[in-house]
Structures are given as C-alpha cells and as structure tokens.
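> how does the following fold in three dimensions:
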Amino acid sequence: MDKHGWLFKASLLSIATLTNAAAAVQVTVPMIMKDLPNQSQASIELLMSVTSFGILLFILLSNFLTRLIGNKKTVVLGVAIAVIAGVIPMFTENYAVLLASRFMFGAGVGLFNSLAISLISIYYEGKERDRLIGFENAAAASATTIFTWLVGYLMSFGWHICIGRDSAYHVWFVCFRQNTNGYGCRNVNG
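Prediction:
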C-alpha cells in the first residue's frame, strides 16, 4: 500500500479515533444496571473504568512488545484483541465475562495507543508529518463527538449494541495491516 495514498493515511489517522472509543459507552450504566440487578452500581461502573486500567497497563507494556514484534504487528495485535473483546459483551450478561472483556478491550487499545503519533513520525517527515499530526488531533476530537452521538442513537437498541460498536469500528483497521512489505514500517522495526 502506498504511504502517500489516502487509504493508508486514513488508517493511520484512525488510530487516534480508536483511542477515544471506550469512553462513549459510559452512558449505558443505567441500562446495564437494569439488566444486571444482582450487581451493585459500583460493580457496573467498574465495567467502564476497568477499560481505562487495561489501556494504562498495556500502554506501559506496548514498548516492550513493539521491540519484540514491531510496530505494525503490535497495532494489528491490539486491534485484534480489541475487536474480539469488544464483540463479547454483545452476547452475554455474565458479569465476570463482561468485566474481563472490557479489560481486554482496554488492553487492545493500550497496545496501539502510544503508537498513534509515533507511526506518523516514522512514515512521514516535514510538512506532511506536521499536517498529519494536526489531522490526527482533529480526527480524535471528531471521533469523540461522533462516538457520543452514535451511542446515544444506539441506546434505543440496548446496551449490548452500544458496547459492541467499539469492535465494529476497529474493522476499519484491516486496511492498516496491508502494506507492500507486509508488516514493517519503512522496513524499520518491522
């Protein structure tokens, strides 16, 4: 895939949008409480905050993993974990499974979170890099607005769908995996 093509740039910019995906579902807490009456409010709210803990922990681990398997494989692994873990809440109301899947969703996001800006710096230089970093910030802010609106709309279909939309969006990242040399970033740390 050509690094100057719009699809590759859009895939890189989408990393920033994915890092904001988890927070939008916090409005589903009352719906989840209604469906899980045996769980306390604190337990239900933990489903939202455990995602942030997963992100934090795996941001710290991502540098180590990146050195082992490379930038793109780390991003693809993070997206795969986030997609799989994000789909699970669509099909269960088991609290332990929900808690584990929300943590793993955060873990997946944490793996690629720190690479959001660094990949742009690896692939691009000068004005093009500066422009893309600016677009990345704009994309992240726009994504927060869009995700919040989308969750508000999807709430009429139930909380399972609201949480599951995290995974549906990650499918866009399949484009990122495609590159002329398979996995590497300019054949460096690949």
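> correct me if wrong: Leu61 contacts Gly110.
Yes. In this structure Leu61 lies within contact range of Gly110 using C-beta atoms under 8 Å: 7.5 Å. In short, each C-beta sits where N, CA and C put it, glycine included.
> comparing those two, which shows the higher neighbour count?
Shown here are Leu61 and Gly110; by other C-beta atoms under 10 Å, Gly110 has more neighbours (25 against 14).
> could I get the contacting residues of the more buried one?
Gly110 makes contact with Gly54, Ile55, Leu56, Leu57, Phe58, Ile59, Leu61, Ser62, Gly78, according to C-beta atoms under 8 Å, 6 or more residues apart in numbering.
> now the buried members of those residues.
Neighbour-count burial (16 or more other C-beta atoms under 10 Å) applied to the contacts of Gly110 gives Gly54, Ile55, Phe58, Ile59, Ser62, Gly78.
> can you pick out the most distant pair from these?
Largest separation among the buried ones among the contacts of Gly110 by C-beta to C-beta: Gly54 and Ser62, giving 11.8 Å.
> apart from its neighbours in sequence, what residue is nearest Ile133?
Ile120 (5.8 Å; C-beta to C-beta, 6 or more residues apart in numbering).
> show me the contacts for the one you found.
Leu12, Arg129, Leu132, Ile133, Glu136.
> check Thr51 too.
Ala22, Arg102, Phe103, Phe105, Gly106, Val109 are the contacts of Thr51 under C-beta under 8 Å, 6+ apart.
> now it: which helix or strand?
Under the criterion of DSSP states H and E, Thr51 resides in helix 41-69.
> ok now that helix, how far from the chain's centre?
11 Å (C-alpha atoms, centre = their mean, to the nearest Å).
> now do it, average pLDDT.
For helix 41-69, mean pLDDT rounds to 94.
> and what of stretch 148-158?
Stretch 148-158 carries an average pLDDT of 85.
> mind checking how far the closest residue to Glu136 other than its chain neighbours is from Thr51?
Closest residue to Glu136 apart from its sequence neighbours, by C-beta to C-beta, 6+ apart: Ala16 at 4.5 Å. Separation of Ala16 from Thr51 (C-beta to C-beta, to the nearest Å) stands at 17 Å.
> Met104 and Ile117, how far apart?
Taking C-beta to C-beta, one finds Met104 at 24 Å from Ile117.
> tell me, please, the helix or strand in this protein that averages the lowest pLDDT.
helix 174-177 (a mean of 46; mean pLDDT, DSSP states H and E).
> dump the contacts of Gly110 to CSV, plus distance to Gly158.
Formatted as CSV, the contacts of Gly110 follow (distance: C-beta to C-beta, whole Å):
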residue, distance to Gly158
Gly54, 24
Ile55, 25
Leu56, 29
Leu57, 29
Phe58, 28
Ile59, 31
Leu61, 33
Ser62, 33
Gly78, 27
